[in-house]
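[1] coordinates only, sequence not included:
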């Protein structure tokens, strides 16, 4: 009798678990549908979605015109800074020239496709480490269905392309480390990631080196030496071609002040969106490390069966976390958390596959928590989707603003911050990147006096500034520049705090 009751209870738990899995899959499919809809809707939107897109499109336009994007001096106009290595703008320029599509749309589609590739790689890692397709789907869904990822993957920015290259390179190392040609492919992917965004020189290369060292020290040494040599050689060539401009832009002009309170604020955003993922991933990491170093029999089976856990995923997570801590740098955003989010998604989904047999109640509890997390993320995705829809509803106002920018660009250079992409779309080159040069000014590397004189002479027929007087504005515009603008220009507020300044009487 007792055995019959126990068997019936087990079957009930099993049916409950299967039901929870089905609901989780359904919710993730909704999130993925929102991801695709929002990404495509944003890609088709013809104007800026923030500050960072315009400068990258300007760099692509300069490359198409045969100009350098790494000037050897920052003291002469145009006052522009190329913060990142050249692979992304080169790719945007090449595809734009081949397809004749607008550069902004090309850049956004590259980011969207790179996000999908990243999600697939994350799902493959989880499937490889658990042997369960459900865990692989959950890992991919937790990453792509995260509102932070959804927001950033729809923008023409470098981060998702760098993440895709790094994850593909690490996957090749995980699966094909025995074959020299595949090692070359992995090195090329990691090199591409680094020369898309330089901060990707830490997590994936560190994980790859540790993993190779565990399997074949000779391969590890040769691989690491080859990757380092390629990075340094390419750096030297680019720096020589640009007469020192590459070092000036990538290193000197890229060191912004660091604020601990900014780091805590960004981590609070991460905690707000991903409480269950953080908790489950944290427990999984601790359990994995504890079992690896435990001397008791039977405690290290999991890490023996999946050595990549301790020799690949753990160092990748450590490197990603260290990179995420740089989010406190002025000008940073949630893009600094993408690698860490990728690692957390693998750990959180993997925890479902690493449970010992007979722990049905624990698995059901984990499934309930995962379902709560997925529903919470889906709610955030609806918010991102609604914001995208509102932007399209205001298209007529954006069109009117663009016509003003287009008309003003025929009379002289236009200054802007959040709508710098409109300036590029109007056929101009960016004259001033306000955030970058303001940080250089605070560091004593740029003097705004010449620009202040030009503003007083009313050289610029139009100046567009987001939220004058705010903390965001203070990060972008020096007080002397804002004072000159207020004295010589008249502003009218438009579009969510954007103020359009025209020369005063």
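    It's in. None of the values given here were measured: they were computed from a predicted structure.

[2] next secondary structure after the helix or strand bottoming out on mean pLDDT in the chain?
    For the chain, counting by mean pLDDT, DSSP states H and E, helix 301-305 ranks last in confidence among helices and strands (a mean of 57). On the C-terminal side of helix 301-305, the closest following helix or strand by DSSP states H and E is helix 308.

[3] what residues sit buried inside the helix or strand just after that next one?
    Using DSSP H and E, the helix or strand that follows helix 308 towards the C-terminus is helix 314-325. By neighbour count on 16 or more other C-beta atoms under 10 Å, the buried set for helix 314-325 is 314, 315, 316, 317, 318, 319, 320, 323, 324, 325. In this view, the C-beta of every residue, glycine as well, is placed from N, C-alpha and C.

[4] relative to residue 337, how far out is the third one?
    Taken as C-beta to C-beta, to the nearest Å, the spacing of residue 316 relative to residue 337 amounts to 14 Å.

[5] again with the last one
    Between residue 325 and residue 337 the computed distance is 10 Å (C-beta to C-beta).

[6] same check on the fifth one?
    With the distance defined as C-beta to C-beta, residue 318 ends up 15 Å from residue 337.

[7] and for the fourth one?
    In this structure, residue 317 and residue 337 are 13 Å apart, going by C-beta to C-beta.

[8] just for this protein, where's the confidence low?
    Applying pLDDT under 70 to the chain flags residues 1-15, 295-305, 357-358.

[9] show residues contacting stretch 227-244.
    Residues outside stretch 227-244 that contact it (C-beta atoms under 8 Å, 6 or more residues apart in numbering) are 68, 70-72, 85-86, 187, 190-191, 194-195, 201, 205, 245-247.

[10] any idea how far it is from the middle of the chain?
    Distance, stretch centre to chain centre, for stretch 227-244: 24 Å (C-alpha atoms, centre = their mean, to the nearest Å).

[11] buried residues in that stretch, which are they?
    When burial is assessed from 16+ other C-beta under 10 Å, stretch 227-244 yields the following buried residues: 227, 230, 231, 235, 238, 239, 242.

[12] could you dump those into TSV with secondary structure added?
    Shown next, in TSV, are the buried residues of stretch 227-244 (DSSP: H, G, I helix; E, B strand; the rest coil):
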residue	secondary structure
227	helix
230	helix
231	helix
235	helix
238	helix
239	helix
242	coil
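
[13] which helices and strands sit right next to the host helix or strand of residue 385?
    Assessed by DSSP H and E, residue 385 sits inside helix 360-393. When contacts are defined as 3 or more C-beta pairs under 8 Å, 6 or more residues apart in numbering; DSSP states H and E, helix 360-393 sits against helix 2-44, helix 133-144, helix 147-153, helix 260-273, helix 275-293, helix 338-353.

[14] tell me the angle of the helix or strand just after it relative to helix 360-393?
    Per DSSP H and E, helix 360-393 leads on to helix 395-409 as the next helix or strand towards the C-terminus. On the basis of axes from the mean of the first three to the mean of the last three C-alpha atoms, to 10 degrees, helix 395-409 is oriented at 60 degrees to helix 360-393.

[15] who's in contact with helix 395-409?
    Against helix 395-409 from outside (C-beta under 8 Å, 6+ apart): 45-47, 414, 416, 419, 422-423, 425-428, 461-462, 464, 494-495, 498, 500.

[16] looking at these, which are in strands?
    Judged by DSSP state E, the subset of those located in strands is 416, 464, 494, 498, 500.

[17] pretty sure the second one contacts residue 414?
    Just to be clear, that refers to residue 464. Yes: when contacts are counted by C-beta atoms under 8 Å, residue 464 is listed as touching residue 414 (7.3 Å).

[18] over to residue 485. Which of the three states is it?
    helix.

[19] what number of residues lie near residue 395?
    Neighbour count of residue 395, defined by other C-beta atoms under 10 Å: 12.

[20] name the residues of stretch 374-381 that are buried.
    Using 16+ other C-beta under 10 Å as the test for burial, stretch 374-381 gives 374, 376, 377, 378, 380, 381.

[21] quick one: the spatially closest residue to the third one that is not a sequence neighbour and residue 17, what's the gap?
    Spelled out, it's residue 377. Setting aside the residues directly before and after it, residue 377 is nearest to residue 145 in space (C-beta to C-beta, 6 or more residues apart in numbering), at 5.1 Å. Distance, residue 145 to residue 17, by C-beta to C-beta: 21 Å.

[22] neighbour-wise, which of the two wins?
    When neighbours are counted by other C-beta under 10 Å, residue 145 and residue 17 differ, and residue 145 comes out ahead with 27 against 18.

[23] got the contact list for that one?
    28, 31, 32, 34, 35, 374, 377, 378, 381.

[24] now with 10 Å?
    27-35, 119, 138, 345, 373-374, 377-378, 380-381 (C-beta atoms under 10 Å, 6 or more residues apart in numbering).

[25] which of the residues you listed count as buried?
    Applying a neighbour-count criterion of 16+ other C-beta under 10 Å, the buried members of these are 27-28, 30-32, 34-35, 119, 138, 345, 373-374, 377-378, 380-381.

[26] and those residues, which is closest to residue 333?
    residue 380 (15.9 Å; C-beta to C-beta).

[27] distance check, the closest one against residue 115.
    Separation of residue 380 from residue 115 (C-beta to C-beta): 16 Å.

[28] ok so, going back, mind listing the shared neighbours of residue 317 and residue 337?
    Each of residue 344 lies in contact with both residue 317 and residue 337 under the rule C-beta under 10 Å, 6+ apart.

[29] next, count neighbours for the nearest residue to residue 153 once chain neighbours are set aside.
    Excluding its sequence neighbours, the residue lying closest to residue 153 (C-beta to C-beta, 6+ apart) is residue 115, at 3.5 Å. Other residues within reach of residue 115, judged by other C-beta under 10 Å, total 25.
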